[in-house]
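Visitor: Structure for the following, please:
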Amino acid sequence: MKCTSTGRSCLLCSTMEDKDPSLRKILIAQRFKDLHLIEDMELVPTLRCLWNIALAQPDDPEFPSLGVFNCMAKLLSRCTRDQKWLSRGKNVYVPYYAAHVIGSYTMNKARFSVLAVKSGVISPLIELLRGKITWVEQRVAVRALGHIARHRRTFEDIKVHELEIIKLTMDIASKCIYTICSEFVGKKSEDRVEYHCYLMTKGLGELEMGNKKAESWACQMQCWSLYLLNCFVRKKRSINLICKEEFLKNLCDIWGGLQNQTSFSGIGLIRSLCDSEDGRKNIAQFKEVVVNICNLSRSSDERQYVAIESLLSLLKDPKTRNTVTNIAAPFLADLVELRTIKGRRKVGDMITQVLLQDYAKIKYGFPRFYEEGSQKAIEEIWDLKVEKRKRDKIMSEREVKEMELLGSILKSEGNKKFWSTEIEAAVKEYTKALDLCPLKLRKERIVLYSNRAQCNLVLGEADLAISDTTRALCLSGEIRPHVKSLWRRSQAYDMKGLARLSLMDCLMFINERSKLYGNRSSRRKIPYYAMRLLNKQMTATWTFAGAAKSKADDIDDDGTRTSRVQHGFAGGKTKGTIEEALLKSMPTKGKDKEQRLWKKVSIWRTSRRSKGVIEPILKSIKRRKNVKVQEKCDSMVKDLETFKFI
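Guide: Have a look, this model is predicted:
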C-alpha cells in the first residue's frame, strides 16, 4: 500500500515508506491515536490520503486492524461538538473525509463493520445525518450507515436508532434534490460554499463542472438513502412507517439518472416491500403507485424486470390479487409474449399463468372489474395464448400459407389507406391481418403491430400505440429489438408526458439504429427528429427540473417573479426550442422569412413515400397568407413528425 498524496504534509508518508513491517504498523497505529489532536495543516492532507487508499483498497485489513475507525470516530465527534475548531483553517474538510473512509471500509467486509461499531462511529454519523453540518456530510453519513446496516452482525446496533434513522432518511430521499438546488446549484459561483466547490471539482473545474457533479451527488444521495431504508425493509421492520402514500408515489421517479443507472433505485425498494405482506397491502391500495410500476414494466429501462417481479408478487397474493389485476391487466397483456429479459426465460409464460389462474371466475363476472379494459385484456390473453394456439396446431401447411397470403393482402390494403390518410380504415385492416396471422409468423406480426401503432400515433391514441409497440418489441426480443417500434413508443410516451420512459426508448432507438447501419457513416448519424426528442427529454428528466421550476416561480420580496435565467441554472435548460432557433436565424422581413422557412423545411422532405401525405399539407399551409410564421413552423414540424413513416 502506497501513499497517494503528492504533497509533503501527509503524516502517513514517512511511516508507510518504512521497510520494517512491524515498526511501520506501530508507527501507523500511533498516528491514528494522535490524529484527532493535531491542530496544524497536516490533518486534511493525511485524511485525503486515507480517503484515496480506502477507495482503492476497501478490503485491505491493515488500517482497520490498526485503529482507523477509532480515529475517524474521534474526529467526527470533535467536528460535531466543537464548531470553533471545525471552522479553523481547513478543518471543515475533516468530517467529509472521515465519514467517507468509514463508509468505504465497511462496504464489503462484515468484520470491518463490527470493528467500526465497536469504535463508536454510529453516534457521530447520526449527528451528521441530522444535518448537524451541511448536506455534503449528510450524503457520506447516509452512505456509511447504509453499509453498516447491510451486515447482519451490525444491523442490531443500527436498529437501536431505527425510528429516527427511518424518518431522517425518508426526509433526505424526498428533499435532498431541493436542498442541493437551493444551497448550491441555484447560487452564483461567488455565493457557494468554497469547500463544497473544491470537493466536487478538486479545484480544477468551474461552474459547469460543479453543477454536473452536484447533479451526480444528488442522485447518489437519494439512492443511498433508499438503500439504507431497504436494509430495514428486508428485515421486515418499519414497513408501515415507510409506506406513506406520497413517498411511495415518488419512488418510481428515483432512478439515479443516466450516470448512476447501476445504483439502488426506487423500484428496488418497492420490490423489497412486495416481499412482505404489509408492503403488498400498502402498495396495492394506491392506484397511482401500481400504474407507475406498470409503466416501468413496459419500458427499455434497465430495471424493467424488477418492475415485472413486483407486479407478479402482488398478483400472487390472494389479498391483493383482485385489486392489482383490475389495474395491471391491460399493461401486462402486452407482455405475455415476452420470452427473455436480462437472462430470465419464459417471462411471458409466467405472466400468463398468474393472470389466467382465475380465468374461469373472471369469465362469468367474478370478480367484477371497475377499470375499463381489464376484462377485455384477460379475454385477449386467453384468446392469444390458448385459443389461437389450438387453432394453429390443427392448421395444415396449405392453410398456413393461405392465411399468410391473406394477411399480406390486408397489410398492403392498410398501407394504402394510411398513405391516403384514411387512418381509421388502416387500423381496421391491420387488426384483421393480425387476427388471421398465425402466431409463428413473428416477423409479419411485428410489422403489423408497429404499423398499427403508427396509425394510433396519428390519431392521438398514445395508450394504444404504447400497447402495440410493446407487443412488437416483445416479439422481436431484447437482442435485436424492432427499431421502428422503439421510436414510435418513444413518441407515444412523449405524448403522455412520461419523459423518462420516452428518453430510454429514444436512447435505445439511437443505439440500435447505429448498429443496424454498421459502417455506413452517412446513415449512422443521429437523425434530427431523434436528436430533437432526445434534447427535450434530457431537459425534462434533468435532476433539478422540478426544483428549478419551483424556484423559477418564487416571488421576490418586492413582488417581482424570479426567472430561471436569473437563477443561472446549469445544463442549458434555458435554451429555446428548435422552432425558435430557426426563426431567429431568419431575416427580419416577412417575405424573406417565408422563403427561408420553406427552404429549411425542404431538408425534411427526403422520403418519396411521404410525399403523398406531406405535400398536400404543405400546400394547404401555403394558401394561408395571414398565418404567422411561428404558427406555420409549429404546424409543419408537428405534421412531419406525425405522418413521416420512418
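
Visitor: can I assume residue 440 is in contact with residue 392?
Guide: Yes: under the criterion of CB atoms under 8 Å, residue 440 makes contact with residue 392 at 6.8 Å. Heads up, the C-betas are built off the backbone N, CA and C, glycines and all.

Visitor: So for these two, which sits in the more crowded spot?
Guide: residue 392 (15 against 9; other CB atoms under 10 Å).

Visitor: Show me where the stretch 401-550 of the chain has its helices.
Guide: Secondary structure of the stretch 401-550 of the chain (DSSP state H, counting those that start in this stretch): helices located at 423-436, 442-459, 462-476, 483-496, 499-516, 521-524, 528-540, 545-552.

Visitor: Would you mind finding the longest helix in the chain?
Guide: Looking across the chain with DSSP state H, the single longest helix is helix 207-234.

Visitor: mind checking how far that one is from the chain centre?
Guide: Between the centre of helix 207-234 and the centre of its chain there are 13 Å (CA atoms, centre = their mean, to the nearest Å).

Visitor: Quick one: mean pLDDT over that helix.
Guide: Mean pLDDT, helix 207-234: 92.

Visitor: in that helix, what counts as buried?
Guide: Of all the residues in helix 207-234, those buried under the rule 16 or more other CB atoms under 10 Å are 210-234.

Visitor: Let's have the helices of the stretch 401-550 of the chain in JSON lines, adding mean neighbour count, mean pLDDT and distance to residue 415.
Guide: As requested, the helices of the stretch 401-550 of the chain are arranged in JSON lines below (neighbours: other CB atoms under 10 Å; pLDDT from 0 to 100; distance: least, CB to CB, whole Å):
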{"stretch": "helix 423-436", "mean neighbour count": "19", "mean pLDDT": "94", "distance to residue 415": "7"}
{"stretch": "helix 442-459", "mean neighbour count": "22", "mean pLDDT": "95", "distance to residue 415": "7"}
{"stretch": "helix 462-476", "mean neighbour count": "24", "mean pLDDT": "95", "distance to residue 415": "16"}
{"stretch": "helix 483-496", "mean neighbour count": "24", "mean pLDDT": "95", "distance to residue 415": "14"}
{"stretch": "helix 499-516", "mean neighbour count": "20", "mean pLDDT": "91", "distance to residue 415": "22"}
{"stretch": "helix 521-524", "mean neighbour count": "10", "mean pLDDT": "58", "distance to residue 415": "23"}
{"stretch": "helix 528-540", "mean neighbour count": "17", "mean pLDDT": "91", "distance to residue 415": "21"}
{"stretch": "helix 545-552", "mean neighbour count": "17", "mean pLDDT": "73", "distance to residue 415": "40"}
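
Visitor: Which of those sits closest to residue 10?
Guide: Smallest distance to residue 10 across the helices of the stretch 401-550 of the chain (CB to CB): 38.7 Å, for helix 545-552.

Visitor: so how far is stretch 23-42 from its chain's centroid?
Guide: 44 Å.

Visitor: Check stretch 335-353 too.
Guide: That offset, for stretch 335-353, works out to 22 Å (CA atoms, centre = their mean).

Visitor: now the strands for the protein?
Guide: With strands called from DSSP state E, the chain shows them at 340-341, 344-345.

Visitor: Tell me which of these sits most buried.
Guide: Comparing the strands of the chain by mean neighbour count (mean count of other CB atoms under 10 Å), strand 340-341 ranks first with a mean of 14.
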